[in-house]
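1. Okay, predicted coordinates and the sequence, questions at the end:
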Amino acid sequence: MDFQICTQAIFESQAERFLKDFLERGYSKSTISGYKSHLNRLKKYVFSLPEQTYTEKSAHVFIVDILPTLAVSESTRKHIQTAIRHFNDYLLHRPYKFRINKSAQLPPLIFRNIIDDYVADMAAQGYKPATIEVRKIFAIQFLVSIYEQGIRSLKEVSGTHVGCSVLSAGSVEGMCQKLPHFLRYLHKKGLTDLELQNAVPSVISEKKLPSVYDTQELVQILAGINTTTLIGKRDYAVLIILMTYGLRVKDLIELKTENIDFQHGYISFKQSKTGMPYCAELLPPVKDALESYLSEVNPLLENRKLFYSTQAPYQPLSRGAVWSIVSGRIHSAAVVADGRHQGPHAMRSSLASGLIADNVPYPIVQKILGHTDPNATKRYVAIDIEQLRKCSLECPIATGKFLSYLEGGEWK
C-alpha cells in the first residue's frame, strides 16, 4: 500500500493531524515544533518538483539526495529523517511504538511524597528549575525501578538494587551523574540506612577537544558575507558578536535592543547559564555591524529581541537557526571544517583558544567567557600546541629489544 499527496493543502492537513496525534501522546511542544519545521522543509522541496506529488519514493529521494547537502548539524539530519519516517508511518497506518515521556512519568504511589519533599528541598537550597527538573526525572526512574524489583520500603534498598536501576536506565550516563544526589538526600533524611550513592558506578564520558578556527579562517568567513542585504547584515552581526565575545548561543538569541548601549559603548545582559551579569565594551567593528543591521529593522524591534528571521512571520532566531547561520557561512566561505564542529560554540572555543595562545591570564579569559569554574577554561589549553610543546620531554634513546625492533628485527 502506498500514498500519493497531490496538493500542498492536503499535505498540510495530513501533517497537522499527524502532529496533533503526537502532541496527544505526550510529546513536548518543542519536539512538535521541530517536526513541523522539518515537514515544512520537506513540503517546499516536494512541491517545487515538476510532479508536485508527495510519495514514499519522493521522500526517499529527499533523504538520500537533498538531506546530506543541507547546512545543518548531523543530529538535525537525524531528526529530519526521523520526522519523515514517522510521518510516512502515519500515512501508511503502520504501527508505531510511541516512547514514554520520562518527564511526565509518575513515581509509585508509596514513594510520591518522597519526590515532592525532594523537589521542595532542592528549591529551598536555590537550585535552578532546570536542575531540579532533570534530577527529579532520574529520581523517579530510580523509584520506579526499585518498585519493579519488589522494593516497598527504602530501608530494603541495597547496592544491587541501585546497580539494576542504573543498568535499566534510558541514559546510564545521566543516571550515574544525577542519582547520587538523590541517594545522598535519602540517607541524610534517614530514609535509607546505607550510603547508597557509593554503589553508583562512575561513568567517564568521552572528553572531546574543542573545535577552533584560526584568525585567518574567521576573517575569511566574515569576508564571504554580502553585507548589502538584510540577511547579510544580520548574519554578519551574529557572527562578529560570537567571534568577538564568545557568547553562549542562548545569550545571543535572548539579546534585546536595550542590552546594547550605543551612547556609552557597552553591551550588558544577565547570563542565562550562571545568572551572573555580563558587561563588555562595544568594540567598533561590532558597533558598526549592529548599527548597519538595526538601521533597517530597529523600528520594529524596540525593546524586543535583537535577531529575527528575515521572512514572515519574522520570528526571533532559535538555537537551530543560529547554528544554520554559522554553519552555512563557514561553507559559503569555503573554509574546510575537516571534522571540526561548525556551530556557534566553535566560535566561542576559537576565542578562548586564541586568548590563551596570546598568553592572556586565565582569570581574564574566565571572565570574558563567563565561566564560574576555572577548570572549564583550562580545557582549552589542550589545543594550544605551541604552549604544550614547551612542556614536552626529550624522547629517551632506544635500547635493547626496542632498538633491535626499530632496526628491523623481530619483537621477542
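-> Arrived safely, thanks for sending.

2. where do the strands sit along the protein?
-> Using DSSP state E, the strands of the chain run over 260-261, 266-270, 277-281.

3. ok now do V72, which residues does it touch?
-> I80, G320, W323, S324, S327 (CB atoms under 8 Å, 6 or more residues apart in numbering). In this view, the C-beta of every residue, glycine as well, is placed from N, C-alpha and C.

4. got a list of what the first one touches?
-> Under the criterion of CB under 8 Å, 6+ apart, the contact list for I80 reads H38, R41, L42, L67, L70, V72.

5. With Y54 instead?
-> For Y54, the contact set (CB under 8 Å, 6+ apart) comprises F3, Q4, I5, C6, F11, L42, K43, V46, F47.

6. What are the structural domain limits within the protein?
-> Following the assignment in automatic domain parsing, the chain carries domains at 8-91, 102-199, 215-387.

7. Geometric centre of the protein: which residue is closest?
-> Closest residue to the average C-alpha location of the chain: R319 at 8.2 Å, with CA atoms, centre = their mean.

8. Quick check: closest non-adjacent residue to it.
-> Distances taken as CB to CB, 6 or more residues apart in numbering put V249 closest to R319, at 5.4 Å, once the chain neighbours are dropped.

9. Tell me which of the strands of the chain lies nearest to L186.
-> Among the strands of the chain, strand 266-270 comes nearest to L186, with 34.5 Å by CB to CB.

10. can you pull out the helices in the stretch 301-412 of the chain?
-> Counting by DSSP state H, counting those that start in this stretch, the stretch 301-412 of the chain has helices at residues 319-332, 344-357, 362-369, 374-378, 385-389, 400-406.

11. who does the third one touch, helix- and strand-wise?
-> In other words, helix 362-369. helix 344-357, helix 374-378 (3 or more CB pairs under 8 Å, 6 or more residues apart in numbering; DSSP states H and E).

12. average model confidence for it?
-> Averaged across helix 362-369, pLDDT comes to 80.

13. between it and strand 277-281, how big is the angle?
-> 100 degrees (axes from the mean of the first three to the mean of the last three CA atoms, to 10 degrees).

14. Pull out the buried positions in helix 362-369.
-> V365, Q366, I368, L369 (16 or more other CB atoms under 10 Å).

15. closest to T31 among these?
-> When the buried residues of helix 362-369 are ranked by distance to T31 (CB to CB), L369 comes first, at 30.7 Å.

16. what residue ranges in the stretch 151-300 of the chain score low on pLDDT?
-> Low-confidence segments of the stretch 151-300 of the chain (pLDDT under 70): 204-208, 298-300.
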